[in-house]
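A.B. asks: Show me the folded form of this:
(one chain, ligands or ions: 1)
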Amino acid sequence: MQGATVMITGGTGSFGSTMTRHLLSRDVGAVHVLSRDEAKQDEMRRRISDPRLRYFLGDVRDMESVEAATRGADFVFHAAALKQVPSCEFFPDQAVKTNVRGSHNVIEAAARSGVRSVVCLSTDKAVYPVNAMGMSKALMEKTAQAFARKSPSSGTTVSVTRYGNVMYSRGSVIPLFVKQLQEGRPLSLTEPLMTRFLMSLDDSVDLVDHAFFHAEPGDLFVRKAPAATIDTLARAVASLLGEDSPNISIIGTRHGEKLHETLLSREEMVTARDQGAYYRVPLDARSLEYGLYFDEGERDTAQLDDFTSENTRRLTLDQTKTLLMGLPEMQSVLGKGSG
Ligand SMILES: O=c1ccn([C@@H]2O[C@H](COP(=O)(O)OP(=O)(O)O[C@H]3O[C@H](CO)[C@@H](O)[C@H](O)[C@H]3O)[C@@H](O)[C@H]2O)c(=O)[nH]1
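C.D. replies: Predicted coordinates for the structure are as follows:
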């Protein structure tokens, strides 16, 4: 990474700005931030002042702007996406434009500019998807894998990382629970037994780092993240804020939501390689010869389970509290921030 130029799409978002700080601390030569929102760029410019940072206003849908930001880059982290479930549900064509066509643009521009490695960020919602956000992310994954399959001699390695819920991310349930507690309102739980993989922003940066250092073309990486039920999560947040018996109102599963999330399907578990804290799933590099698709099956698939938020390591109340206390946002709510 030393001296390298790194381009981050969606660079002003939570992941993008955490990754930017991480890269700047690692002696990169330059970071190109590509994003749509000039106000967020301005805000980030004030927050992180470093001459190695360059901002590019643009959109992954607009090839010219992607090419401008990619020029001279050695590495690309592709984080730009429409990722809210409800908005993608109402505007699926917009999800296709950003998450599928936009990703195609990023990969093509990277290959043309001789980028060495592109890591595309995906989500557990892309596995057996039930909502438009997950479906469009699943197609982004296919776009990345198709590039690897059809361009084996390309100097550009394209890989994918999938992650679960990033704790305390904007608009997510943890800050909502904190607000409800602070306002003395009941905690609104969709379904107490629902489970979610829990990751911090730092975990997601580590996962992308891991992908970057280990990826072969078309690889997919996931972290063996633990999970908690929503009931445990709500009670852990409440307990940290001094409320051991919170008022709870059950609102029911929302449109487009699953009871449990899946990070790897059983079909992927067949070829997944255990890498300690991570799984690596290599590209299915069969050619487009239809005979191979129809005549050669996989006997192990039926023997394996999906890797889900239901069967991964389940966090207890105390373990969930410990995890939450490690988050800077939670520390600042509890008045324990470093300042
Ligand atoms: O009032 C609420 C809102 C949510 N939940 C539950 O809390 C969990 C987490 O919800 P939320 O924080 O809204 O996250 P998700 O809908 O799971 O989606 C998040 O996680 C995805 C990755 O899986 C990202 O892509 C999305 O952008 C991000 O919003 C879910 O089980 C919800 O059912 C409640 O119990 N009560």
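
A.B. asks: buried stuff in stretch 174-181?
C.D. replies: In terms of neighbour count (16 or more other C-beta atoms under 10 Å), stretch 174-181 has its buried residues at I174, P175, F177, V178, Q180, L181. All C-beta atoms are positioned from the backbone trio N, CA, C, and that covers glycine.

A.B. asks: cool, stretch 6-21 as well?
C.D. replies: 6-20.

A.B. asks: Just put the buried residues of stretch 174-181 in a markdown table and tack on distance to the ligand, pLDDT and secondary structure.
C.D. replies: Converted to a markdown table, the buried residues of stretch 174-181 look like this (distance: C-beta to the nearest ligand atom, whole Å; pLDDT from 0 to 100; DSSP: H, G, I helix; E, B strand; the rest coil):
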| residue | distance to the ligand | pLDDT | secondary structure |
| --- | --- | --- | --- |
| I174 | 7 | 97 | helix |
| P175 | 9 | 96 | helix |
| F177 | 8 | 98 | helix |
| V178 | 12 | 97 | helix |
| Q180 | 8 | 98 | helix |
| L181 | 13 | 97 | helix |
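
A.B. asks: got the residues you listed as a markdown table, with distance to C88 columns?
C.D. replies: Formatted as a markdown table, the buried residues of stretch 174-181 follow (distance: C-beta to C-beta, whole Å):
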| residue | distance to C88 |
| --- | --- |
| I174 | 21 |
| P175 | 21 |
| F177 | 24 |
| V178 | 26 |
| Q180 | 25 |
| L181 | 29 |
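
A.B. asks: Give me the spatial nearest neighbour of S113, chain neighbours excluded.
C.D. replies: Of all residues not flanking S113 in the chain, T70 sits nearest, at 4.9 Å (C-beta to C-beta, 6 or more residues apart in numbering).

A.B. asks: Now for the residue of the stretch 201-339 of the chain found nearest the ligand, how many residues are close by?
C.D. replies: Nearest residue of the stretch 201-339 of the chain to the ligand: I230, at 4.4 Å (C-beta to the nearest ligand atom). When counting by other C-beta atoms under 10 Å, one arrives at 18 neighbours for I230.

A.B. asks: Let me see the contact set for G184.
C.D. replies: Neighbour list for G184: empty [criterion: C-beta atoms under 8 Å, 6 or more residues apart in numbering].

A.B. asks: Around the ligand, which positions in this structure sit nearby?
C.D. replies: Residues of the chain lying close to the ligand (C-beta under 6 Å from any ligand atom) are 83-85, 123-125, 164-165, 172-173, 176, 188-190, 194, 196, 230, 257.

A.B. asks: what do you get if the cut-off is 8 Å, keeping everything else the same?
C.D. replies: 83-85, 123-125, 133, 137, 163-166, 169, 171-174, 176-177, 187-191, 194-197, 230, 233-234, 251, 253-254, 257, 261 (C-beta under 8 Å from any ligand atom).

A.B. asks: Could I have the ChimeraX command that selects the buried members from those?
C.D. replies: Buried residues within the residues of the chain next to the ligand, by 16+ other C-beta under 10 Å, are selected in ChimeraX with:
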select :83,85,123,124,125,133,137,163,164,165,166,169,173,174,177,187,189,191,194,195,196,197,230,233,234,261
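
A.B. asks: mind listing the helices for the protein?
C.D. replies: Applying DSSP state H to the chain gives helices spanning 14-24, 38-47, 63-70, 85-90, 92-95, 102-112, 132-150, 173-182, 201-214, 230-240, 266-269, 290-295, 317-325, 328-333.

A.B. asks: Give me the mean pLDDT for the fourth one.
C.D. replies: Per-region confidence: helix 85-90 scores 94 on mean pLDDT.

A.B. asks: Mind listing what's buried along stretch 202-209?
C.D. replies: The neighbour-count check on stretch 202-209 (16+ other C-beta under 10 Å) flags D203, S204, V205, D206, L207, V208, D209 as buried.

A.B. asks: Distance-wise, check the fifth one relative to P92.
C.D. replies: Just to be clear, that refers to L207. From L207 across to P92, the span is 27 Å (C-beta to C-beta, to the nearest Å).

A.B. asks: Same check on the fourth one?
C.D. replies: Taking C-beta to C-beta as the measure, D206 falls 32 Å from P92.

A.B. asks: try the second one
C.D. replies: With distances taken as C-beta to C-beta, S204 is found 25 Å from P92.

A.B. asks: One more: the third one?
C.D. replies: From V205 across to P92, the span is 30 Å (C-beta to C-beta).
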